[in-house]
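Student: Give me coordinates for this.
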Amino acid sequence: MRAADVLLLLEPAERDVGVPAKLFEYVGAGRPILAAAGTSPHLEPVLTRSGAPYRLVGAADVAGIRRALLELVNGVAAGTIVPGPEQGRQEFTREAMAGRLAAMLDELIARR
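Tutor: Residues are numbered from 1 along each chain as shown. A predicted model of the protein is given here:
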């Protein structure tokens with residue numbers, strides 16, 4: 001994944017909840033992401049917060065997928081699209097997310 005010019009995330013058009021686990025692997029790889037996905041409102045906020053360069057298009061939007069893929073590939077080749085910041089990638093590691101969950105659970109226990 002880390003050697004790829006662009007990573008492709010395919011999600012069914014009818015998926016409208018959640019974030020696929022593969023997205024977190026892609027963010028960690030630090031490569032640009034083309035997400036051809038459904039209408040889940042949770043996908044774009046993760047992409048944005050991660051700082052990863054991405055394009056998000058509808059899963060059935062053939063012309064949009066083609067356009068986004070060309071933008072990303074050409075941008076990588078020209079050096080205008082570069083990996084996102086390390087800090088954004090670190091926020092979505094298993095360790096960081098487990099740490100946030102542990103902190104939330106500790107807070108709930110402390111309230112009790």
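Student: distance between the lowest-mean-pLDDT helix or strand in the chain and the chain's centre?
Tutor: Using mean pLDDT, DSSP states H and E, the weakest-scoring helix or strand in the chain turns out to be helix 86-91, at a mean of 79. Distance of helix 86-91 from the chain centroid (C-alpha atoms, centre = their mean, to the nearest Å) equals 12 Å.
Student: who does the helix or strand encompassing residue 22 touch, helix- and strand-wise?
Tutor: Assigned by DSSP states H and E, residue 22 belongs to helix 21-29. The helices and strands touching helix 21-29, judged by 3 or more C-beta pairs under 8 Å, 6 or more residues apart in numbering; DSSP states H and E, are strand 7-10, strand 33-37, helix 43-50, helix 86-91. (Glycine included, C-beta is placed from N, CA and C.)
Student: give the contact list for the residue most central in space within the chain.
Tutor: Among the residues of the chain, residue 47 comes closest to the average C-alpha position under C-alpha atoms, centre = their mean, at 4.0 Å. By C-beta atoms under 8 Å, 6 or more residues apart in numbering, the contact list for residue 47 reads 23, 27, 33, 35, 54, 56.
Student: burial count for residue 46?
Tutor: Per other C-beta atoms under 10 Å, the neighbour tally for residue 46 reads 19.
Student: Can you verify my assumption that it contacts residue 27?
Tutor: Yes - taking contacts as C-beta atoms under 8 Å, residue 46 lies within contact range of residue 27: 7.3 Å.
Student: So for these two, which residues contact both of them?
Tutor: Common contact partners of residue 46 and residue 27 (C-beta under 8 Å, 6+ apart): residue 92.
Student: What residues are bridge-paired with residue 10?
Tutor: residue 36 (DSSP bridges).
Student: neighbours around it, how many?
Tutor: Per other C-beta under 10 Å, the neighbour tally for residue 10 reads 12.
Student: re the thing from before, for residue 19, which of the helices and strands packed on helix 21-29 is the nearest?
Tutor: Closest approach to residue 19 among the helices and strands packed on helix 21-29 is made by helix 43-50 (5.5 Å; C-beta to C-beta).
Student: what's whichever helix or strand comes after the closest one packed up against?
Tutor: Using DSSP H and E, the helix or strand that follows helix 43-50 in sequence is strand 54-58. On a contact count with 3+ C-beta pairs under 8 Å, 6+ apart, strand 54-58 meets strand 33-37, helix 43-50, helix 62-78.
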